[in-house]
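Participant: Attaching a predicted model along with its sequence, questions to come.
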Amino acid sequence: MALVGRPNVGKSTLLNALLGQKISIATRKPQTTRHRILGIHQRDDAQIVYVDTPGLHEGGKTAMNRYMNDAAGSALSDVDVVVFLIEAGRWTEADEQVLRRLQAIDTPVIAVINKADRLRDKNQLLPEIELMSKRFGFAAVVPVSALKSDNLQALEGSLIEQL
Ligand code: GDP
Ligand code: MG
C-alpha cells in the first residue's frame, strides 16, 4: 500500500506506530524508481508492504513538477490500496492537491483522519468523517491517533479488506 499526504500530517509517525517492532526494511533509499519501500509488516494472514511515492507530494506549477506528479500518480495504480492521510480539523490546499492526484486512479483509497487525540470533543470527528465520505469514493474513512496508537486495529482491518 502507498501512504500519501501533505507534509506534517503524520505519515512517519503512523508508519512507526503500524510497524512497531515489525520492521523488516526501513530505508531512505529508493528501491525502485516508482516507489520506495518504507517497511514491511508480516502478519499471519497478510504481508503489508508500505511504500512512499517519490514526487507525489511536491507541489508547484513548472513543467518538471507536472511531469513528476504525473509519474507519481500513475505509480499509485500499481499498489493494492492507497492510504490518504489527513489531519483532523485542518484541511489545506496541499491536501486538496494530493486528493486531486488520487482522482485519476482506480486503486481503492482509504482516508485516514489523523491526530484525533487533538480534538477535545471526539464528536467533532463525525461531521468530518461524513464530509470526507461525501467528497470522494473512499473505500473507508478511519479516524486514528498515530501518536497514541489509537484505532490502528481498525485501520489495519480496513487495509486487509481491500486485498
Ligand atoms: P509527516 O511529515 O507526514 O511524516 O509527519 P510526521 O510523522 O513527521 O509528524 C509531524 C508532526 O505531527 C510531528 O510533530 C508529530 O509528532 C505530530 N503528530 C503525528 N501524528 C500525530 C497524532 O496522532 N497526534 C498528534 N497530536 N500529533 C501527531
Ligand atoms: Mg515524514
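Facilitator: Nice, thanks for sending it over. Residues are numbered from 1 along each chain as shown. Ligands and ions are numbered 1, 2, ... in the order given.

Participant: Isn't V83 up against M1?
Facilitator: Yes: applying C-beta atoms under 8 Å as the test, V83 and M1 come out as touching, 5.8 Å apart. The way it works is simple: take the backbone N, C-alpha and C, and place the C-beta from them, glycine included.

Participant: neighbour-wise, which of the two wins?
Facilitator: Regarding V83 and M1, a neighbour count based on other C-beta atoms under 10 Å identifies V83 as having more, with 27 against 19.

Participant: Specify the local secondary structure of that one.
Facilitator: Per DSSP: H, G, I helix; E, B strand; the rest coil, the secondary structure class of V83 is strand.

Participant: check contacts around it.
Facilitator: Residues touching V83, when contacts are defined by C-beta atoms under 8 Å, 6 or more residues apart in numbering, comprise 1-4, 109-110, 112, 155, 159.

Participant: please redo it, this time with the cut-off set to 6 Å
Facilitator: 1, 3, 110, 112 (C-beta atoms under 6 Å, 6 or more residues apart in numbering).

Participant: Distance check, the third one against ligand 2.
Facilitator: If you measure I110 against ligand 2 using C-beta to the ion, to the nearest Å, the figure is 18 Å.

Participant: what about that residue, is that helix, strand or coil?
Facilitator: Secondary structure for I110, judged by three-state DSSP, is strand.

Participant: Isn't it up against S158?
Facilitator: Yes: look at I110 against S158 with C-beta atoms under 6 Å: they come within range, at 5.4 Å.

Participant: who wins for neighbours among the contacts of V83?
Facilitator: Neighbours here are counted as other C-beta under 10 Å. On that basis the top member of the contacts of V83 is V112, with 30 neighbours.

Participant: Surely that one is in contact with V142?
Facilitator: Yes: in this structure, V112 is within contact of V142 by C-beta under 6 Å, at 5.3 Å.

Participant: Find residues that contact each of I110 and S158.
Facilitator: Where contact means C-beta under 6 Å, 6+ apart, the residues bridging I110 and S158 through contact with each are A140.

Participant: now the spatially closest residue to R6 that is not a sequence neighbour: how far from R66?
Facilitator: The spatially closest residue to R6, leaving aside those adjacent along the chain, is A94, at 3.8 Å (C-beta to C-beta, 6 or more residues apart in numbering). With distances defined as C-beta to C-beta, to the nearest Å, the gap from A94 to R66 amounts to 16 Å.
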